[in-house]
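Visitor: what follows is a predicted protein model with its sequence.
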Amino acid sequence: MNNRLMGSLLTFVAVVAGLSFATPSHASAKIVTDADATAAVKSSVSLGTAEADGGAATGKASLTPAAKRWSTTTITYKIASGSSYYKSVWQNAVKVWNRSGVVNLVPTSGKADITLSNSNSPMGKNDSTVGITYSSYYNNKNMNGLSVLASAKSYVFTNVANRYHYSKGERTNVAEHELGHALGLEHNVGKHSVMYYATRDQSVSKPDVNGLVHSYR
């Protein structure tokens, strides 16, 4: 097994376990990276317990919780996918979150706060994770009691979405979920939230907008 594949597998195992990675930025601060995954839904019925960062989702279904936020409500993004199909998926997801009126996601050709793309899961046919987000934040910066984000990268796993026959609209819902993580939101206990741990039919709803409003007040 080559080093690159081994690294990908180790990263995936850490995601499932809800682990965090810390990388020193300078002597007095660290940038910490979390990973949040979306479980695939094989049918229109969602089963199981909502989990986030290795633990049960908490709070009320009416308010999607958050652990992080950006320092401003204007946030840059870049769609790094080479697929026009997935570029459209991510553009649609961005439009949905922008319609909330809470954040202003703007495209950039330079260094972006959030990078959006698609890839295949390194676990292949054994994986049921349909999307993932890596969120980096400062361990010594807080706003409204939330950690301040430094960067985020979100992916939809093409091979898993194909295996479970996700439509373009359903893939857009997954993209909305992952973008929600990139904005700092955690998993919601309610199945009608796009931030429920297993996303297929759900789109951004009132609890998710409420979560943004509470986070970016």
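Guide: Received, thanks.

Visitor: hey, let's count contacts and neighbours off CA atoms from now on
Guide: OK.

Visitor: go ahead and flag the most central residue of this protein.
Guide: Glu178 (2.6 Å; CA atoms, centre = their mean).

Visitor: pull the distance from the helix or strand where that residue lies to the chain's centre.
Guide: Taking DSSP states H and E as the criterion, Glu178 maps to helix 168-182. How far helix 168-182 lies from its chain's middle: 8 Å, per CA atoms, centre = their mean, to the nearest Å.

Visitor: now the helix or strand just after that helix against helix 168-182, angle please.
Guide: Next along the chain after helix 168-182, taking DSSP H and E as the criterion, comes helix 206-215. Relative orientation of helix 206-215 and helix 168-182, computed by axes from the mean of the first three to the mean of the last three CA atoms, to 10 degrees: 20 degrees.

Visitor: what's next to helix 206-215, contact-wise?
Guide: Contacts of helix 206-215 with the rest of the structure, by CA atoms under 8 Å, 6 or more residues apart in numbering, involve 61-66, 68-69, 100, 102, 144, 146, 185, 193-195.

Visitor: so which of the residues you listed is the closest to Ser121?
Guide: Each of the contacts of helix 206-215 was scored against Ser121 by CA to CA, and Met195 proved nearest at 20.4 Å.

Visitor: tell me the contacts of that closest one?
Guide: Thr64, His177, Gly180, Leu185, Glu186, His187, Asn188, Val204, Asp208.

Visitor: report how many residues lie close to the last one.
Guide: Just to be clear, that refers to Asp208. 30 (other CA atoms under 10 Å).

Visitor: got it, and the fourth one?
Guide: Here the number of neighbours of Leu185 (other CA under 10 Å) works out to 22.

Visitor: report the separation between it and Arg171.
Guide: Using CA to CA, to the nearest Å, Leu185 is found at 19 Å from Arg171.

Visitor: Ala33 in helix, strand or coil?
Guide: Not Ala; residue 33 is Thr. Following DSSP: H, G, I helix; E, B strand; the rest coil, Thr33 is assigned to strand.

Visitor: list the beta-bridge partners for it.
Guide: Thr33 has these beta-bridge partners by DSSP bridges: Phe21, Ser136.

Visitor: surely it is in contact with Tyr137?
Guide: Yes: look at Thr33 against Tyr137 with CA atoms under 8 Å: they come within range, at 6.5 Å.

Visitor: of the two, who's got more company?
Guide: A direct count of neighbours by other CA under 10 Å for Thr33 and Tyr137 places Tyr137 higher, at 24 against 21.

Visitor: report pLDDT for that one.
Guide: Listed pLDDT for Tyr137 reads 92.

Visitor: how about the helices in this structure?
Guide: Remark: helices assigned in the chain by DSSP state H are 3-17, 84-98, 158-163, 168-182, 206-215.

Visitor: before we move on, back to that, buried members of the contacts of Met195 into PyMOL, please.
Guide: This is how PyMOL selects the buried members of the contacts of Met195, with burial counted by 16 or more other CA atoms under 10 Å:
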select buried, resi 64+177+180+185+186+187+188+204+208
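
Visitor: what's the distance between Ile132 and Thr72?
Guide: Counting by CA to CA - Ile132 and Thr72 are separated by 23 Å.

Visitor: name the residue in those two with the higher neighbour count.
Guide: Set side by side, Ile132 and Thr72 show more neighbours around Ile132, with 27 against 10, by other CA under 10 Å.
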